[in-house]
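In: Structure, please.
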Amino acid sequence: MSRPAFEAATEVVVAVLGLSRSKDLVALLGQGRTRERILSELGTPGAGGAIAGLYDAMESESVPSAEAAAYVRGYVAALRQARDTVRVRTVWSGPSTPAVPVRATAQVLVEVIEGAQEELLALTYAARPYRALTRALTDAAARGVKTHIVVETLAGARGLLSGPEPADAFAAVPGLRLWVWARGPAEARSRQHAKLAVADRRTLFLGSANLTESAARRNIEAGVLVRGGEAPQRAAEHIVELQRLGVLVPLEPRPGAS
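Out: So this is what the prediction gives:
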């Protein structure tokens, strides 16, 4: 029997909780926990309404807790399988051709950020304030996404970057952590030149574009968007290990910086 309200509410609550916390919801439903108990354990800001909506739909369409748990479990498993299916496509900015439609790098970067539910890791060489990216990063922070961005510094670029520090582009984003490469003497002439973003270790955008408006919207830039598989996982693990080893270190605020 179709239960459209319950099915729609399941889609909403899983999107809000993410796959990991949705498994906790399955366990609580399977145990027959009350609405109040589940709200007390999982009802973080932003999730409470979705959980309440699920229970409202269960009551209105007479869905028992055990059946709800089984449905949510199956829904989460299907999403996980779809997530693990590897999908790769190229992303171009700039002039289009009949053979390859161009999709703005800016749009793809924003979609990667908007898709993050738990973790967002990024690296960039140059960075400038860009409203669309700032808004997406700020919204991610409001969702509780832990965001880490590795940037180059003017000193590290040794005269090849000018203007404000790249880190200043992210000053308006709350809770965002900035990192830099702690170069040793043998690496004094090396630069942090990677450009990528990886969301929840499942979606990886790797390309030539810096986190600037000109790179995202106006330049000819090329990149690859990878969803699922090992590449996003390995990229995130590499960044986290560089942090753990002290190769990447937190960027300390400059005196007088806002």
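
In: how about the helices in the protein?
Out: Ranges of helices in the chain, per DSSP state H, are 4-30, 35-42, 48-60, 65-84, 105-115, 131-142, 154-157, 213, 230-244.

In: Return the most buried member of those helices.
Out: helix 105-115 (a mean of 20; mean count of other C-beta atoms under 10 Å). Glycine gets a C-beta too; all of them are placed from N, C-alpha and C.

In: what packs against that helix?
Out: Where contact means 3 or more C-beta pairs under 8 Å, 6 or more residues apart in numbering; DSSP states H and E, helix 105-115 is packed against strand 87-93, helix 131-142, strand 196-199, strand 203-207, strand 221-227.

In: what's the neighbour count on the residue lying closest to L206 once chain neighbours are set aside?
Out: Leaving aside its sequence neighbours, L206 sits nearest to L196 (C-beta to C-beta, 6 or more residues apart in numbering; 4.6 Å). L196 sits with 21 neighbouring residues when counted by other C-beta atoms under 10 Å.

In: In the sheet, which residues pair with L196? Tell me.
Out: L123, L206 (DSSP bridges).

In: What's the separation between it and F205?
Out: When C-beta to C-beta, to the nearest Å is the yardstick, L196 and F205 sit 6 Å from each other.

In: for R80, same thing?
Out: Taken as C-beta to C-beta, the span from R80 to F205 is 21 Å.

In: Make sure T90 is actually in contact with V226.
Out: No: at 10.6 Å, T90 does not count as touching V226 under the criterion of C-beta atoms under 8 Å.

In: Neighbour count: these two, which is higher?
Out: Using other C-beta under 10 Å, the more surrounded residue of T90 and V226 is V226, with 19 against 11.

In: Okay, the more buried one and L206: tell me how far apart.
Out: Distance of V226 to L206, computed by C-beta to C-beta: 7 Å.

In: Ok, V86 next?
Out: In terms of C-beta to C-beta, V86 sits 14 Å off from L206.

In: How about Q192?
Out: Using C-beta to C-beta, we find Q192 at a distance of 15 Å from L206.

In: now swap in A116 and tell me
Out: On the measure of C-beta to C-beta, A116 and L206 end up 16 Å apart.

In: ok, those two, which is more surrounded?
Out: Remark: of A116 and L206, A116 carries more neighbours, 24 against 18, as counted by other C-beta under 10 Å.

In: residues in contact with the nearest residue to the more buried one once chain neighbours are set aside?
Out: Leaving aside its sequence neighbours, A116 sits nearest to A199 (C-beta to C-beta, 6+ apart; 3.8 Å). Residues counted as contacts of A199 (C-beta atoms under 8 Å, 6 or more residues apart in numbering) are V112, I113, G115, A116, E119, L120, P232.
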